[in-house]
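A.B. asks: 3D model of this:
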Amino acid sequence: MAIFITSREMLTKGLLKLLKLEGIEMDVRTFLLQQWASCLDQEDWFPPLEKVLEDITLEHAIWKPAEGAHSIWELVCHLLFFEKRILLRFLGETANEPQAENNDATYQLPTQTSQNWQKTKQEYFNVHRELEKILATSELEDLYREIPEDNPLLIELKSLAMHDAYHIGQIVFLSKMQGVWAAKRSF
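C.D. replies: Just a heads-up that it's a prediction; the model follows:
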């Protein structure tokens, strides 16, 4: 028998009720923490972004294979935009969240300097780790609290992890096109 859920509120309440069963809370949290870590610093089925960006210089970061394509740095800015927006919405700091007219605007670069490239990477790492810390330490009910203009944090982190993995693949491909990618992998 199929069950159709028609609203976010019903989905959230239904999942929260199911997850209150003994033992399930830890499984959901552990699963998402593993997925989240694999996007940043723990190698799994794909390389984590921290490792992928390790040898990327400013020149590599701004290179584009063709007009209209995105650079590595633009992709990192795009990932940072969405993670920072979710973090600030969860914290109730919506006045400080990044703004963009459309999706294309989320790829916008600051002034192209080595210092700004390092700053962008570090900010992404910090925001990602802050979301990981919230996921690891918050009460489950708080993780299922509606974020302004979004789904509950657990649902958003699941989607962001898939989004990160997709764009990490693009970054790896751009690295390979530039000859920066290691010829041998650890697996």
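A.B. asks: hey, let's count contacts and neighbours off CA atoms from now on
C.D. replies: Fine.
A.B. asks: chain center to stretch 91-98, what's the gap?
C.D. replies: 17 Å (Cα atoms, centre = their mean, to the nearest Å).
A.B. asks: go on, stretch 108-128?
C.D. replies: Centre to centre, stretch against its chain (Cα atoms, centre = their mean), the figure for stretch 108-128 is 15 Å.
A.B. asks: and what of stretch 63-72?
C.D. replies: For stretch 63-72, the distance to the chain centre is 21 Å (Cα atoms, centre = their mean).
A.B. asks: for stretch 39-55, same thing?
C.D. replies: 12 Å.
A.B. asks: Report how far apart the opening and closing residues of that stretch are.
C.D. replies: Stretch 39-55 stretches 17 Å from its first residue to its last (Cα to Cα, to the nearest Å).
A.B. asks: Any idea how far stretch 94-103 is from the middle of the chain?
C.D. replies: 16 Å.
A.B. asks: I168: how many residues sit nearby?
C.D. replies: I168: 25 surrounding residues under other Cα atoms under 10 Å.
A.B. asks: nearest spatial neighbour of W36, skipping sequence neighbours?
C.D. replies: Spatial nearest neighbour of W36, chain neighbours left out: A161 (5.8 Å); criterion: Cα to Cα, 6 or more residues apart in numbering.
A.B. asks: so what secondary structure elements neighbour the helix or strand harbouring the one you found?
C.D. replies: Using DSSP states H and E, A161 sits in helix 153-177. For helix 153-177, the packing partners by 3 or more Cα pairs under 8 Å, 6 or more residues apart in numbering; DSSP states H and E come out as helix 24-40, helix 49-52, helix 72-90.
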